[in-house]
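> kindly return the folded structure for what I paste below:
(one chain, ligands or ions: 1)
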Amino acid sequence: MSATLSPFACDVCGSMEAAEIPVVPDYSGGQTLHTCTQCGFVFAHMRRSDEAIKKDWAESMFGDAFDVEQTENTGYTGYTAKVPAVTARLTYALENFDTLVGFKGKKVCDIGAGEGDFLEMIKSRKNPESVFGVEPSVENCRLLDGMGISCFAGGVEEYIAHPDTKKGAFDFIGLNWTLENTQNARRVIEAVYDLLPVGGYLQVATGSRILVPFKKPLHYYFNPRNPVDLHSFHFSANALCGLLGSVGFDPIHVNRYIDTDYLVVIGKKMESGAKKPWPRDDYTRVIAFFERWKKETDENYL
Ligand SMILES: [Zn+2]
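Numbers count the residues shown, from 1 in each chain. This next block holds a predicted model:
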(Lines give C-alpha, C1' and ligand atoms only; values in the text may rest on other atoms or scores of the structure.)
Protein backbone atom coordinates (compact mmCIF):
# COMPACT_ATOMS: atom_id res chain seq x y z
CA MET A 1 0.00 0.00 0.00
CA SER A 2 2.89 2.33 -0.67
CA ALA A 3 1.34 3.44 -3.97
CA THR A 4 0.84 7.14 -4.60
CA LEU A 5 -2.57 8.41 -3.47
CA SER A 6 -4.26 11.50 -4.87
CA PRO A 7 -7.50 13.27 -3.90
CA PHE A 8 -10.70 12.51 -5.80
CA ALA A 9 -13.83 14.69 -5.93
CA CYS A 10 -17.05 13.56 -4.24
CA ASP A 11 -18.92 11.32 -6.68
CA VAL A 12 -22.30 12.58 -5.49
CA CYS A 13 -21.88 16.40 -5.54
CA GLY A 14 -18.47 17.00 -7.13
CA SER A 15 -16.96 18.89 -4.18
CA MET A 16 -13.25 18.48 -3.38
CA GLU A 17 -13.80 19.41 0.28
CA ALA A 18 -13.78 16.37 2.53
CA ALA A 19 -13.21 15.73 6.24
CA GLU A 20 -11.39 12.63 7.45
CA ILE A 21 -13.48 10.25 9.59
CA PRO A 22 -11.26 9.96 12.67
CA VAL A 23 -12.20 6.44 13.85
CA VAL A 24 -11.63 4.58 10.56
CA PRO A 25 -7.81 4.14 10.61
CA ASP A 26 -8.09 2.10 13.85
CA TYR A 27 -9.84 -0.65 11.87
CA SER A 28 -8.44 -0.21 8.36
CA GLY A 29 -4.76 -0.66 9.07
CA GLY A 30 -4.21 3.11 9.12
CA GLN A 31 -5.99 3.85 5.85
CA THR A 32 -8.32 6.86 5.70
CA LEU A 33 -11.92 7.42 4.64
CA HIS A 34 -13.47 10.84 4.25
CA THR A 35 -16.93 12.38 4.30
CA CYS A 36 -17.81 15.14 1.87
CA THR A 37 -18.38 18.36 3.83
CA GLN A 38 -21.01 19.46 1.29
CA CYS A 39 -23.21 16.34 1.11
CA GLY A 40 -21.98 13.84 3.73
CA PHE A 41 -21.04 11.12 1.23
CA VAL A 42 -18.56 8.62 2.71
CA PHE A 43 -15.82 7.67 0.28
CA ALA A 44 -12.15 6.97 -0.27
CA HIS A 45 -11.15 10.54 -1.06
CA MET A 46 -7.49 9.54 -1.35
CA ARG A 47 -7.14 6.83 -3.97
CA ARG A 48 -4.62 5.19 -6.25
CA SER A 49 -4.89 5.66 -10.00
CA ASP A 50 -7.73 3.93 -11.85
CA GLU A 51 -5.15 1.63 -13.47
CA ALA A 52 -3.66 0.52 -10.14
CA ILE A 53 -7.09 -0.21 -8.63
CA LYS A 54 -8.21 -2.10 -11.71
CA LYS A 55 -5.06 -4.23 -11.68
CA ASP A 56 -5.62 -5.00 -8.00
CA TRP A 57 -9.22 -6.09 -8.67
CA ALA A 58 -8.19 -8.33 -11.53
CA GLU A 59 -5.63 -10.03 -9.30
CA SER A 60 -7.49 -10.20 -5.99
CA MET A 61 -11.23 -10.24 -6.64
CA PHE A 62 -11.46 -14.00 -6.58
CA GLY A 63 -8.37 -14.44 -4.46
CA ASP A 64 -8.23 -14.18 -0.69
CA ALA A 65 -8.68 -10.45 -0.22
CA PHE A 66 -12.41 -10.56 0.37
CA ASP A 67 -14.90 -10.18 3.13
CA VAL A 68 -13.69 -11.49 6.49
CA GLU A 69 -17.18 -12.28 7.73
CA GLN A 70 -18.07 -14.25 4.65
CA THR A 71 -14.89 -16.28 4.72
CA GLU A 72 -15.12 -17.00 8.43
CA ASN A 73 -18.79 -17.92 8.37
CA THR A 74 -18.78 -20.16 5.34
CA GLY A 75 -15.38 -21.76 5.16
CA TYR A 76 -15.08 -20.60 1.56
CA THR A 77 -11.85 -18.83 0.82
CA GLY A 78 -12.36 -15.91 -1.50
CA TYR A 79 -15.52 -14.66 -3.08
CA THR A 80 -18.13 -16.84 -4.71
CA ALA A 81 -21.82 -16.27 -5.28
CA LYS A 82 -22.56 -19.86 -4.23
CA VAL A 83 -22.82 -19.14 -0.51
CA PRO A 84 -26.23 -18.75 1.19
CA ALA A 85 -25.65 -15.09 2.13
CA VAL A 86 -25.04 -14.12 -1.50
CA THR A 87 -27.94 -16.20 -2.85
CA ALA A 88 -30.20 -14.53 -0.27
CA ARG A 89 -29.25 -10.98 -1.22
CA LEU A 90 -29.52 -11.62 -4.97
CA THR A 91 -32.96 -13.14 -4.40
CA TYR A 92 -33.97 -10.03 -2.46
CA ALA A 93 -32.84 -7.76 -5.32
CA LEU A 94 -34.62 -9.96 -7.85
CA GLU A 95 -37.96 -10.07 -6.05
CA ASN A 96 -37.78 -6.39 -5.12
CA PHE A 97 -37.80 -5.27 -8.75
CA ASP A 98 -40.08 -8.06 -9.94
CA THR A 99 -42.73 -7.18 -7.35
CA LEU A 100 -42.58 -3.42 -7.93
CA VAL A 101 -42.12 -3.27 -11.71
CA GLY A 102 -41.56 -6.74 -13.20
CA PHE A 103 -38.97 -8.41 -15.44
CA LYS A 104 -41.50 -9.97 -17.81
CA GLY A 105 -40.80 -9.07 -21.44
CA LYS A 106 -37.84 -6.86 -20.53
CA LYS A 107 -34.33 -6.73 -21.99
CA VAL A 108 -32.24 -7.21 -18.88
CA CYS A 109 -28.58 -6.41 -18.28
CA ASP A 110 -26.53 -7.09 -15.14
CA ILE A 111 -23.36 -5.01 -14.67
CA GLY A 112 -20.78 -7.04 -12.77
CA ALA A 113 -22.70 -10.21 -13.59
CA GLY A 114 -20.23 -12.39 -11.66
CA GLU A 115 -20.99 -16.07 -11.95
CA GLY A 116 -24.34 -15.36 -13.61
CA ASP A 117 -26.63 -16.24 -10.70
CA PHE A 118 -28.82 -13.13 -10.90
CA LEU A 119 -29.35 -13.44 -14.66
CA GLU A 120 -29.95 -17.18 -14.42
CA MET A 121 -32.68 -16.62 -11.80
CA ILE A 122 -34.38 -14.00 -14.00
CA LYS A 123 -34.07 -16.17 -17.11
CA SER A 124 -35.52 -19.28 -15.49
CA ARG A 125 -38.24 -17.66 -13.34
CA LYS A 126 -39.34 -14.27 -14.70
CA ASN A 127 -39.89 -14.51 -18.49
CA PRO A 128 -37.63 -11.66 -19.64
CA GLU A 129 -37.19 -10.98 -23.36
CA SER A 130 -33.41 -11.39 -23.00
CA VAL A 131 -30.60 -11.38 -20.45
CA PHE A 132 -27.07 -10.02 -20.92
CA GLY A 133 -24.05 -9.69 -18.64
CA VAL A 134 -21.22 -7.17 -18.44
CA GLU A 135 -18.43 -8.79 -16.47
CA PRO A 136 -14.71 -7.96 -16.16
CA SER A 137 -13.58 -11.50 -15.30
CA VAL A 138 -12.86 -13.60 -18.40
CA GLU A 139 -13.22 -16.73 -16.29
CA ASN A 140 -16.75 -15.70 -15.27
CA CYS A 141 -17.64 -14.87 -18.87
CA ARG A 142 -16.79 -18.48 -19.75
CA LEU A 143 -19.22 -19.60 -17.05
CA LEU A 144 -21.91 -17.30 -18.46
CA ASP A 145 -21.33 -18.65 -21.98
CA GLY A 146 -21.75 -22.16 -20.62
CA MET A 147 -25.12 -21.11 -19.16
CA GLY A 148 -26.27 -19.73 -22.51
CA ILE A 149 -26.03 -16.11 -21.32
CA SER A 150 -24.38 -13.60 -23.67
CA CYS A 151 -21.88 -11.27 -22.11
CA PHE A 152 -19.28 -8.58 -22.66
CA ALA A 153 -15.89 -9.23 -21.05
CA GLY A 154 -14.97 -5.91 -19.45
CA GLY A 155 -16.27 -3.08 -17.34
CA VAL A 156 -19.33 -0.94 -18.16
CA GLU A 157 -17.16 2.01 -19.20
CA GLU A 158 -15.40 -0.19 -21.77
CA TYR A 159 -18.75 -1.59 -22.86
CA ILE A 160 -20.31 1.83 -23.48
CA ALA A 161 -17.19 2.91 -25.42
CA HIS A 162 -17.23 -0.19 -27.64
CA PRO A 163 -18.26 0.56 -31.27
CA ASP A 164 -20.74 -2.36 -31.38
CA THR A 165 -22.65 -1.24 -28.28
CA LYS A 166 -26.12 0.08 -28.98
CA LYS A 167 -27.23 2.86 -26.63
CA GLY A 168 -30.67 2.64 -25.06
CA ALA A 169 -30.83 -1.09 -25.79
CA PHE A 170 -31.95 -2.40 -22.38
CA ASP A 171 -35.13 -1.96 -20.32
CA PHE A 172 -33.52 -2.86 -17.01
CA ILE A 173 -29.97 -2.67 -15.69
CA GLY A 174 -28.93 -4.15 -12.35
CA LEU A 175 -25.97 -3.14 -10.22
CA ASN A 176 -25.88 -5.74 -7.46
CA TRP A 177 -23.27 -5.08 -4.74
CA THR A 178 -21.06 -3.71 -7.50
CA LEU A 179 -21.22 0.09 -7.46
CA GLU A 180 -19.32 0.36 -4.15
CA ASN A 181 -16.42 -1.57 -5.69
CA THR A 182 -16.08 0.41 -8.91
CA GLN A 183 -13.34 2.94 -9.50
CA ASN A 184 -15.65 5.86 -10.23
CA ALA A 185 -19.28 5.55 -9.17
CA ARG A 186 -20.45 8.59 -11.13
CA ARG A 187 -18.95 7.41 -14.42
CA VAL A 188 -20.62 4.01 -13.94
CA ILE A 189 -24.06 5.57 -13.38
CA GLU A 190 -23.50 7.84 -16.39
CA ALA A 191 -22.66 4.81 -18.56
CA VAL A 192 -25.80 3.02 -17.31
CA TYR A 193 -27.82 6.15 -18.15
CA ASP A 194 -26.63 5.94 -21.78
CA LEU A 195 -27.45 2.22 -22.02
CA LEU A 196 -31.11 2.81 -21.09
CA PRO A 197 -33.91 4.54 -23.00
CA VAL A 198 -35.94 7.29 -21.30
CA GLY A 199 -38.27 5.42 -18.92
CA GLY A 200 -35.79 2.52 -18.52
CA TYR A 201 -34.96 1.22 -15.05
CA LEU A 202 -31.78 0.96 -13.03
CA GLN A 203 -31.77 -0.91 -9.73
CA VAL A 204 -28.79 -0.44 -7.40
CA ALA A 205 -28.43 -2.84 -4.48
CA THR A 206 -25.71 -2.34 -1.90
CA GLY A 207 -24.87 -3.45 1.63
CA SER A 208 -25.57 -0.08 3.24
CA ARG A 209 -24.15 0.38 6.68
CA ILE A 210 -24.15 4.16 6.85
CA LEU A 211 -26.63 6.07 9.03
CA VAL A 212 -28.59 2.92 9.88
CA PRO A 213 -28.55 0.78 13.04
CA PHE A 214 -25.23 -1.01 13.43
CA LYS A 215 -25.52 -4.46 11.89
CA LYS A 216 -21.96 -5.60 12.33
CA PRO A 217 -18.97 -4.44 14.36
CA LEU A 218 -16.44 -2.13 12.72
CA HIS A 219 -13.69 -4.74 12.65
CA TYR A 220 -15.96 -6.88 10.45
CA TYR A 221 -16.87 -3.91 8.28
CA PHE A 222 -13.24 -3.02 7.52
CA ASN A 223 -10.49 -5.47 6.72
CA PRO A 224 -7.00 -4.01 7.23
CA ARG A 225 -5.68 -6.34 4.51
CA ASN A 226 -7.90 -4.72 1.87
CA PRO A 227 -7.00 -1.36 0.34
CA VAL A 228 -9.91 1.02 1.12
CA ASP A 229 -10.01 2.11 -2.53
CA LEU A 230 -11.13 -1.39 -3.58
CA HIS A 231 -14.38 -0.46 -1.84
CA SER A 232 -14.33 3.30 -2.27
CA PHE A 233 -18.00 4.13 -1.74
CA HIS A 234 -20.21 3.76 1.34
CA PHE A 235 -23.77 4.79 0.61
CA SER A 236 -26.50 6.17 2.79
CA ALA A 237 -29.97 6.26 1.24
CA ASN A 238 -29.63 10.01 0.64
CA ALA A 239 -26.21 9.61 -0.99
CA LEU A 240 -27.39 6.88 -3.37
CA CYS A 241 -30.58 8.73 -4.33
CA GLY A 242 -28.54 11.95 -4.70
CA LEU A 243 -26.08 10.27 -7.06
CA LEU A 244 -28.87 8.78 -9.19
CA GLY A 245 -30.85 12.02 -9.19
CA SER A 246 -27.85 14.13 -10.22
CA VAL A 247 -27.09 11.89 -13.21
CA GLY A 248 -30.69 11.87 -14.48
CA PHE A 249 -32.62 9.11 -12.73
CA ASP A 250 -35.76 9.63 -10.70
CA PRO A 251 -35.31 7.43 -7.60
CA ILE A 252 -38.85 6.04 -7.70
CA HIS A 253 -38.41 3.45 -4.96
CA VAL A 254 -36.20 3.06 -1.90
CA ASN A 255 -36.57 -0.20 0.02
CA ARG A 256 -37.17 -0.41 3.76
CA TYR A 257 -33.43 -0.38 4.45
CA ILE A 258 -33.68 0.62 8.10
CA ASP A 259 -34.35 -2.95 9.22
CA THR A 260 -33.03 -4.81 6.19
CA ASP A 261 -29.40 -5.69 5.52
CA TYR A 262 -29.55 -4.09 2.10
CA LEU A 263 -30.17 -0.71 0.56
CA VAL A 264 -31.95 -1.05 -2.79
CA VAL A 265 -32.98 1.92 -4.95
CA ILE A 266 -34.84 1.80 -8.27
CA GLY A 267 -34.18 4.74 -10.59
CA LYS A 268 -36.19 5.56 -13.70
CA LYS A 269 -34.36 7.39 -16.47
CA MET A 270 -35.67 10.93 -17.00
CA GLU A 271 -35.52 13.06 -20.16
CA SER A 272 -32.06 14.28 -21.14
CA GLY A 273 -30.84 17.08 -18.88
CA ALA A 274 -33.39 16.47 -16.12
CA LYS A 275 -32.06 16.21 -12.54
CA LYS A 276 -33.75 15.20 -9.31
CA PRO A 277 -32.55 17.13 -6.24
CA TRP A 278 -32.25 15.02 -3.11
CA PRO A 279 -31.59 15.84 0.59
CA ARG A 280 -27.92 15.73 1.57
CA ASP A 281 -26.47 14.24 4.75
CA ASP A 282 -24.85 16.49 7.36
CA TYR A 283 -21.19 15.42 7.49
CA THR A 284 -20.92 16.17 11.23
CA ARG A 285 -23.70 13.62 11.81
CA VAL A 286 -21.82 11.13 9.65
CA ILE A 287 -18.69 11.54 11.79
CA ALA A 288 -20.78 11.20 14.97
CA PHE A 289 -22.37 8.03 13.54
CA PHE A 290 -18.92 6.45 13.13
CA GLU A 291 -17.99 7.47 16.67
CA ARG A 292 -21.09 5.74 18.07
CA TRP A 293 -20.33 2.71 15.91
CA LYS A 294 -16.80 2.56 17.36
CA LYS A 295 -18.20 2.76 20.90
CA GLU A 296 -20.62 -0.12 20.21
CA THR A 297 -17.85 -2.18 18.64
CA ASP A 298 -15.28 -1.61 21.36
CA GLU A 299 -17.69 -2.14 24.25
CA ASN A 300 -19.47 -5.20 22.93
CA TYR A 301 -17.45 -7.04 20.31
CA LEU A 302 -13.75 -6.65 21.04
ZN1 LIG B 1 -20.49 15.56 -1.89
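> ranges for the strands of this structure?
Assigned by DSSP state E, the chain shows strands spanning 6-7, 18-20, 34-36, 42-43, 46-47, 107-111, 130-135, 150-153, 172-176, 201-206, 233-234, 249-254, 263-269.
> nearest to the ion, of the ones you listed?
strand 34-36 (3.1 Å; Cβ to the ion). Every C-beta, even on glycine, is put in place using the N, C-alpha and C of the backbone.
> the closest one near the ion anywhere?
Yes - contact of strand 34-36 with the ion (Cβ under 5 Å from the ion) involves residue 36.
> so what does that strand touch, helix or strand wise?
Contact partners of strand 34-36 among helices and strands, from 3 or more Cβ pairs under 8 Å, 6 or more residues apart in numbering; DSSP states H and E: strand 18-20, strand 42-43, helix 283-300.
> most tightly packed of those?
strand 42-43 (a mean of 27; mean count of other Cβ atoms under 10 Å).
> give the other helices and strands that it contacts.
strand 34-36, strand 233-234.
> in its sheet, what does that strand sit against?
The strands beside strand 42-43 in its sheet (DSSP bridges) come out as strand 34-36 (antiparallel), strand 233-234 (antiparallel).
> centre of the chain versus the longest one, how much separation?
What separates the centre of strand 34-36 from the centre of its chain is 17 Å, taken as Cα atoms, centre = their mean, to the nearest Å.
> contacts for it?
If you take Cβ atoms under 8 Å, 6 or more residues apart in numbering as the criterion, strand 34-36 is touched by 10, 12-13, 15, 17-21, 41-46, 283, 286-287.
> wouldn't residue 26 be in contact with residue 297 here?
No - using Cβ atoms under 8 Å, residue 26 is not in contact with residue 297, being 9.4 Å away.
> mutual contacts of these two, please.
Shared contacts of residue 26 and residue 297 (Cβ under 8 Å, 6+ apart): residue 218.
> neighbours of the nearest residue in space to residue 15 that is not next to it in sequence, how many?
Spatial nearest neighbour of residue 15, excluding adjacent residues (Cβ to Cβ, 6 or more residues apart in numbering): residue 38 at 4.1 Å. The number of residues packed near residue 38 is 16, by other Cβ atoms under 10 Å.
> next: the one 10 residues further on.
Neighbour count of residue 48, defined by other Cβ under 10 Å: 20.
> for the one 4 residues further on, same thing?
The tally of other residues near residue 52 (other Cβ under 10 Å) stands at 16.
> ok, and the closest non-adjacent residue to it?
residue 3 (5.5 Å).
> which ones are touching the one you found?
For residue 3, the contact set (Cβ under 8 Å, 6+ apart) comprises 48, 49, 52.
> same check on residue 113?
So residue 113 contacts 119, 133, 134, 135, 140, 144, 149, 151 (Cβ under 8 Å, 6+ apart).
> next one: residue 299
The contact partners of residue 299, by Cβ under 8 Å, 6+ apart, come to none.
> how near is it to the ion?
To the ion, residue 299 is 31 Å away according to Cβ to the ion, to the nearest Å.
> and the protein, which of its residues are near the ion?
Near the ion, when you scan the chain using Cβ under 5 Å from the ion, you find 10, 12, 13, 15, 36, 38, 39, 41.
> kindly reformat those residues as JSON lines containing pLDDT and distance to residue 228.
Putting these into JSON lines (pLDDT from 0 to 100; distance: Cβ to Cβ, whole Å) gives the following:
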{"residue": "10", "pLDDT": "98", "distance to residue 228": "16"}
{"residue": "12", "pLDDT": "97", "distance to residue 228": "18"}
{"residue": "13", "pLDDT": "96", "distance to residue 228": "20"}
{"residue": "15", "pLDDT": "98", "distance to residue 228": "19"}
{"residue": "36", "pLDDT": "98", "distance to residue 228": "16"}
{"residue": "38", "pLDDT": "98", "distance to residue 228": "21"}
{"residue": "39", "pLDDT": "98", "distance to residue 228": "19"}
{"residue": "41", "pLDDT": "98", "distance to residue 228": "14"}
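> generate a ChimeraX selection restricted to the buried subset of those residues.
A single ChimeraX command selects the buried members of the residues of the chain next to the ion (16 or more other Cβ atoms under 10 Å):
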select :10,12,13,36,38,39,41
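> which among the residues of the chain next to the ion gets closest to residue 292?
Within these, proximity to residue 292 (Cβ to Cβ) peaks at residue 41, which comes in at 18.9 Å.
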